[in-house]
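Participant: kindly generate the corresponding structure for this input.
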Amino acid sequence: MAKWQVGVLVDNLELGVAQGLETAAELGADGVQIYCTEGEMAPANMDAAARKAFRKNLKVLGLALSALCGDTFKGFFDPATIEDQVRDAKSFIDLAADLGTDVVTTHFGRFPKDENDPKWEMCFKALREIGKHAASKGVFYASETGLESPQDLLEFLKKVRSANIKVNYDPANLVHNGFDQVGGVKILKGYIVHTHAKDYIKGGDETPLGQGDVDYPRYLEALEAIGYKGFLTVERETGNNRVDDVASAIKYLKSFDRAGK
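Facilitator: Residues are numbered from 1 along each chain as shown. Presented below is the predicted three-dimensional model:
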């Protein structure tokens with residue numbers, strides 16, 4: 001039986017890029033995700049030489065790049081920032097293609113309640129433009145689950161009508177907001193291109209993986225059922241022993257087998 005591919009969101013280790021990558025490799029991760037919205041990984045700070053060097057370093061460490069995180073936390077429903085969001089998203093997609101990953105993750109933002117709100121069409125237009133650019137680069141632009149139900153997100157994606165606008169599935173976010181963590185996998189099966197692995201206690205706080213209310217055995221079975229073979233990328237956003245928590249999470253996820261390769 002094959003094992004799941006397990007990644008690490010490097011920024012959560014709070015060690016910086018270089019040491020974070022080395023630590024992820026030492027902990028036994030298969031890959032990494034990393035923020036590219038600011039600092040040394042921002043597109044403007046990554047010239048051609050830096051991009052080439054980053055890819056070489058990943059190869060030396062034996063790591064894949066599961067995804068870039070291009071989340072500015074501004075969403076796509078604010079007329080004041082929408083142009084900047086589109087421009088930045090395209091630059092993140094270009095960087096992803098250069099660094100060797102086909103996924104950029106983000107959050108679309110909280111959906112307006114009024115179906116007639118013009119912000120809806122503004123968002124759709126922006127994402128279609130981003131999706132067209134992503135397609136030209138062979139990249140998927142994926143929103144993280146959590147703020148809305150899987151069904152509402154599915155209906156949204158159908159209205160966007162872009163083959164390269166996808167989903168970064170986070171079961172813990174769904175638990176945190178009272179949605180179905182397992183059933184949502186089947187609902188969004190045609191859109192899931194990347195996942196986050198973290199844990200929450202319902203109505204409470206984030207916990208180390210395996211200590212909260214995410215039912216990982218059933219959740220992984222659901223991913224298996226839809227044929228998902230991508231990364232489970234560990235995310236640990238709180239806690240005073242993050243490296244230890246991530247190490248335990250990697251070991252926990254690698255204890256599960258999956259069929260095939």
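
Participant: looks to me like F111 is in a strand.
Facilitator: No. Per DSSP: H, G, I helix; E, B strand; the rest coil, F111 lies outside any strand segment and is coil.

Participant: wait, it touches S149, no?
Facilitator: No. Here F111 lies out of contact with S149, judged by CB atoms under 8 Å, at a distance of 10.3 Å. No exception for glycine: its C-beta is placed from N, CA and C like everyone else's.

Participant: next, give phi and psi for the residue lying farthest from the centre of the chain.
Facilitator: Residue distances from the centre of the chain (CA atoms, centre = their mean) peak at N116, which lies 29.7 Å from the mean C-alpha position. For N116, the backbone dihedrals (degrees, to the nearest 10) come out as phi -90, psi 0.

Participant: now do M46
Facilitator: Dihedral pair for M46: phi -120, psi 90, per degrees, to the nearest 10.

Participant: so who does it touch?
Facilitator: C36, E40, F54, L95, D98 (CB atoms under 8 Å, 6 or more residues apart in numbering).

Participant: farthest-separated two in those residues?
Facilitator: The largest separation in the contacts of M46, counting by CB to CB, is between E40 and D98 at 14.8 Å.

Participant: who's more crowded, the two?
Facilitator: Ranked by neighbour count (other CB atoms under 10 Å), E40 and D98 place D98 first, with 17 against 12.

Participant: so the more buried one: helix, strand or coil?
Facilitator: Per three-state DSSP, D98 ends up helix.

Participant: quick check: which element contains the closest residue to T233 other than its chain neighbours?
Facilitator: Excluding the flanking residues, the one nearest T233 by CB to CB, 6 or more residues apart in numbering is G7, at 3.7 Å. Secondary structure from DSSP states H and E places G7 in strand 5-9.

Participant: neighbouring strands of that strand in the sheet, and parallel or not?
Facilitator: Sheet pairing of strand 5-9 (DSSP bridges) gives strand 31-35 (parallel), strand 231-234 (parallel).

Participant: can you list contacts of the last one?
Facilitator: Strand 231-234 is touched from outside by 4-9, 12, 29-33, 64, 66-67, 194-198, 209, 220, 246, 249-250, 253, with contacts defined as CB under 8 Å, 6+ apart.

Participant: now swap in the first one and tell me
Facilitator: The set of residues external to strand 31-35 that reach it, using CB under 8 Å, 6+ apart, is 5-11, 17, 20-21, 24, 41, 58, 63-71, 105, 194, 231, 233.

Participant: can you list the buried residues in stretch 222-237?
Facilitator: Neighbour-count burial for stretch 222-237 flags A222, L223, E224, Y228, G230, F231, L232, T233, V234, E235, R236 (criterion: 16 or more other CB atoms under 10 Å).
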